[in-house]
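*Asks:* When you get a sec, could you give me coordinates for this:
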Amino acid sequence: MTMKNKVTTAIFPVAGMGTRFLPATKSVPKEIMTLVDRPLIQYAIDEARAAGITEFIFVTSRGKGALEDYFDLAPNLEEELRRKGKTDILKMLEDTNMDSGAIAYIRQHKALGLGHAVWCARRLIGDQPFAVILPDDVISADKPCLQQMVEAYEETGGNMVAAMEVAPERTSSYGILDVENTDGNLLEVRSMVEKPSAGEAPSNLAVIGRYILAPSVLKNLDQMKRGAGGEIQLTDAIAEDLEQNRKVYGYRFQGQRFDCGSKSGFLQATVAYGLARPELRDDLADYLKSIVPGL
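*Replies:* Numbering: from 1, shown residues only. As a prediction, this is how the structure comes out:
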């Protein structure tokens, strides 16, 4: 793959109101809510960086000022930590800082769907492939999910979506893939459908919040077609590339996905990430055993 086609830009759709987490999200953007000691958006940024992303586009909305401030420098805090010799915390803060010009913020003024949010960033993408990361989907993996996909994409090109199996009764909550092959990690997609009923789903392979997309998908979104729920669906725009004989692949990633857009998923992720931390594991495990007999 030529240097021109390397994936170096990612879109982060973060305009949602986070109503499932009210009242917390009345004043705090959902993406700033902390999983152990890092906000959800930090996990997404770290994953993007590991995959070689150098340009970050946030599609935001009113009330997301705290999200923008999070990635800014905090000179007073840093100076105080430096004065107290807390170099370990200073080093940790470095991961939250972004170089000037690395982040761009685009406003989505109306909540018209994920496809519309991605379309809002079209002028910053141009004719290059790009990634899309949904911070609600936190994926724990030895090799970050997007990095796995980028490595596969360098061999295939086209479009690529992260895929995982879900319970048949849950297919109505996802974009679902119909694939040529069901073995291995790389799956050639025949068709895609957004939120089909259980009886109409072509499989139980669901699209999860990681995408590598060709700029042709943005042109498809120009048509502003409404899909499931009356929204402009990203899945529909990718499916249109299939109709135009462009390749789409599903990538069955290695790792565990947590739906941190739901309260139960967020709690599950908190427990899993807490137990993965050596300094927290023993105390947390002892507590869980004390409240769940037989654990």
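*Asks:* Gln244: what's its closest spatial neighbour, skipping adjacent residues?
*Replies:* Nearest residue to Gln244, sequence neighbours excluded (CB to CB, 6 or more residues apart in numbering): Ser216, at 7.4 Å. All C-beta atoms are positioned from the backbone trio N, CA, C, and that covers glycine.
*Asks:* Could you list which residues are in contact with that neighbour?
*Replies:* By CB atoms under 8 Å, 6 or more residues apart in numbering, Ser216 lies in contact with Asp241, Gln244, Arg246.
*Asks:* Restricted to buried residues, select those residues in PyMOL.
*Replies:* The PyMOL selection below is limited to those of those classed as buried (16 or more other CB atoms under 10 Å):
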select buried, resi 241+246
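*Asks:* Adding secondary structure, pLDDT and distance to Ser173, write the contacts of Ser216 out as TSV.
*Replies:* As requested, the contacts of Ser216 are exported to TSV (DSSP: H, G, I helix; E, B strand; the rest coil; pLDDT from 0 to 100; distance: CB to CB, whole Å):
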residue	secondary structure	pLDDT	distance to Ser173
Asp241	helix	90	23
Gln244	coil	85	27
Arg246	coil	88	26
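*Asks:* Nearest to Glu279 among the contacts of Ser216?
*Replies:* Comparing the contacts of Ser216 against Glu279 with CB to CB places Asp241 closest, at 46.3 Å.
*Asks:* Tell me if I'm right that the closest one and Tyr211 touch.
*Replies:* No - between Asp241 and Tyr211 there is no contact under CB atoms under 8 Å: 11.8 Å.
*Asks:* Kindly reformat the contacts of Ser216 as JSON lines containing distance to Ile32.
*Replies:* What follows is the contacts of Ser216, written out as JSON lines (distance: CB to CB, whole Å):
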{"residue": "Asp241", "distance to Ile32": "34"}
{"residue": "Gln244", "distance to Ile32": "39"}
{"residue": "Arg246", "distance to Ile32": "37"}
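*Asks:* I'd like to know which of the contacts of Ser216 is nearest to Leu93.
*Replies:* Closest to Leu93, out of all of these and judged by CB to CB, is Asp241, at 41.0 Å.
*Asks:* List the residues that contact the closest one.
*Replies:* Asn159, Ala214, Ser216, Val217, Asn220, Val248.
*Asks:* distance of it from Gly157?
*Replies:* Between Asp241 and Gly157 the distance, using CB to CB, to the nearest Å, works out to 12 Å.
*Asks:* hang on, the earlier thing: so of the contacts of Asp241, which two are at opposite extremes in space?
*Replies:* Asn220 and Val248 (12.0 Å).
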